[in-house]
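Participant: Structural data only, the sequence is not supplied:
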């Protein structure tokens, strides 16, 4: 008798899973213990093994498809067994019909160069219109919070020959700009958006295939929700209209300077995308012809023959009104992906978690003296922020209730200590994580934080760098801020706001003398942390910073 397999709950917070890859196809004989599929959850990509013998008769969604927990994942049974009723009962209205052959599942086309754990949903099953197996590429989810991506630049244009492993496009997410590589050979037949435009996750990004394919039929079929498409609906927001680029490109009155992959700095790519400059016409002055910001600033585009006839394309560049004395003027700047997510997550945090704040003054005289001696022998210069990170990690070890998260039905007390360190970048704020900070030396922490800061500014941080914090530190002391309150970075229960060190009169041994004072403010989620608990943590942190030798014990 056929047996139904439902999507399992593979983590405590999982509500749905994405099929990163099927390792067995319909019609395959499966034995107990065989790897059945890789499933991407909200935490990781995990392997799912079969717990029985049989023939795989049906799969609930192809590679890249999304299923809710307890949705129909697969059906096992005997060859030729009728499973129509089981599909109707467990599959619901959105279930796809039983798939008779292994070829009915389309493999993902592209994968980001950043991480093998990121799946690229394709969700397109072949029909007679897809007989030549052209690949439809949907916008991948390149970070845990990504809902849409911006095409920073296309590295391949419509009509270009694409080879497996070549970079198709640079995609700007809410966290970084990532390269997207092709997973097959072919011709780029269609682009779903121009440079600077947005595409929602799982919307059509591009089509790769053989010359002569009827691209319009495929695009219209996807837009109309034709039977060839099996795309799970994750959001109710309508997809932004895509722009077919199948028509012949305009004739350009200038020579192509760069062919193949173009090397350019992230800043140069961003400015070029904002100005609508095609980098293949820009000569680079950097090492090995690398294009820099100066090259973009000095570039003068030639006029295309089509420019006078074609309407101006929508641009991501800001709309600027000329400033005239006595007249109202302004600049409209599109909201970046990063800024959108910051607004959403911090609004949810502030209006969901009941915040309260505790402030304490720290006498930094001993810390200043200790840092001077440490830097005389340290291989990496240690900053005051590094001292705060180390002291915080040790204080969290003594106060595990601070190192916790509100999970709705339960509170999670983390045994490991991963400290997120807020880093300001032009587009907003990133929080890379110093993992197991309590077990690292000051030099190790210093080197790691400096590396994170540089990679954040270069937009080279990857999702694995900013996920998994258990506590966060935000330091504005270097900007001359004496004291401030920070919004909790979920799912952490607390965040520490660090002000600058300032000289103030203090009383020591009955005398008023100059002292070096730093103010710390702890923001706490009152659902998890009480006032006395937060105060005890700050007392321990104060002792460690005022007597740094305690950090060596």
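Facilitator: Nice, I can see it. All values reported here derive from a predicted model rather than from experimental measurement. Numbers count the residues shown, from 1 in each chain.

Participant: If you average the pLDDT over stretch 333-344, what comes out?
Facilitator: The average pLDDT within stretch 333-344 is 76.

Participant: got the buried residues for it?
Facilitator: 336-338, 341-342 (16 or more other Cβ atoms under 10 Å). Where C-beta positions appear, they are placed from N, C-alpha and C, glycine not excepted.

Participant: can you check stretch 442-450 too?
Facilitator: For stretch 442-450, a neighbour-count test (16+ other Cβ under 10 Å) marks 442-449 as buried.

Participant: Just the residues contacting it, thanks.
Facilitator: For stretch 442-450, contacts defined as Cβ atoms under 8 Å, 6 or more residues apart in numbering pick out 374, 378-383, 385-387, 389-390, 421, 434, 437, 440, 551.

Participant: The stretch 151-300 of the chain: strands as residue ranges?
Facilitator: 161-162, 167-172, 177-182, 186-191, 198-200, 204-209 (DSSP state E, counting those that start in this stretch).

Participant: Could you export those strands as JSON lines, including mean neighbour count?
Facilitator: Formatted as JSON lines, these follow (neighbours: other Cβ atoms under 10 Å):
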{"stretch": "strand 161-162", "mean neighbour count": "16"}
{"stretch": "strand 167-172", "mean neighbour count": "24"}
{"stretch": "strand 177-182", "mean neighbour count": "22"}
{"stretch": "strand 186-191", "mean neighbour count": "23"}
{"stretch": "strand 198-200", "mean neighbour count": "19"}
{"stretch": "strand 204-209", "mean neighbour count": "25"}
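
Participant: what's the closest of those to residue 48?
Facilitator: Taking Cβ to Cβ, strand 177-182 is the member of the strands of the stretch 151-300 of the chain nearest to residue 48, at 26.1 Å.

Participant: could you say what helices and strands that closest one packs with?
Facilitator: With contacts taken as 3 or more Cβ pairs under 8 Å, 6 or more residues apart in numbering; DSSP states H and E, strand 177-182 sits against strand 110-112, strand 167-172, helix 266-275.

Participant: Specify the angle between the last one and strand 167-172 in degrees.
Facilitator: For helix 266-275 and strand 167-172, the angle between their directions (axes from the mean of the first three to the mean of the last three Cα atoms, to 10 degrees) works out to 90 degrees.

Participant: residues contacting the closest residue in space to residue 435 that isn't next to it in sequence?
Facilitator: Distances taken as Cβ to Cβ, 6 or more residues apart in numbering put residue 418 closest to residue 435, at 4.9 Å, once the chain neighbours are dropped. Neighbour list for residue 418: 433-437, 468-471 [criterion: Cβ under 8 Å, 6+ apart].

Participant: Now neighbour count and pLDDT too, for those, in JSON lines please.
Facilitator: Compiled in JSON lines, the contacts of residue 418 are given as follows (neighbours: other Cβ atoms under 10 Å; pLDDT from 0 to 100):
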{"residue": "433", "neighbour count": "21", "pLDDT": "94"}
{"residue": "434", "neighbour count": "23", "pLDDT": "95"}
{"residue": "435", "neighbour count": "17", "pLDDT": "95"}
{"residue": "436", "neighbour count": "12", "pLDDT": "95"}
{"residue": "437", "neighbour count": "26", "pLDDT": "94"}
{"residue": "468", "neighbour count": "14", "pLDDT": "89"}
{"residue": "469", "neighbour count": "24", "pLDDT": "93"}
{"residue": "470", "neighbour count": "26", "pLDDT": "96"}
{"residue": "471", "neighbour count": "27", "pLDDT": "97"}
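
Participant: Just give the closest residue to residue 417, not the sequence neighbours.
Facilitator: Nearest non-adjacent residue to residue 417, counting by Cβ to Cβ, 6+ apart: residue 438, 4.7 Å away.

Participant: I'd say the one you found and residue 391 touch.
Facilitator: No: in this structure, residue 438 is not within contact of residue 391 by Cβ atoms under 8 Å, at 10.4 Å.
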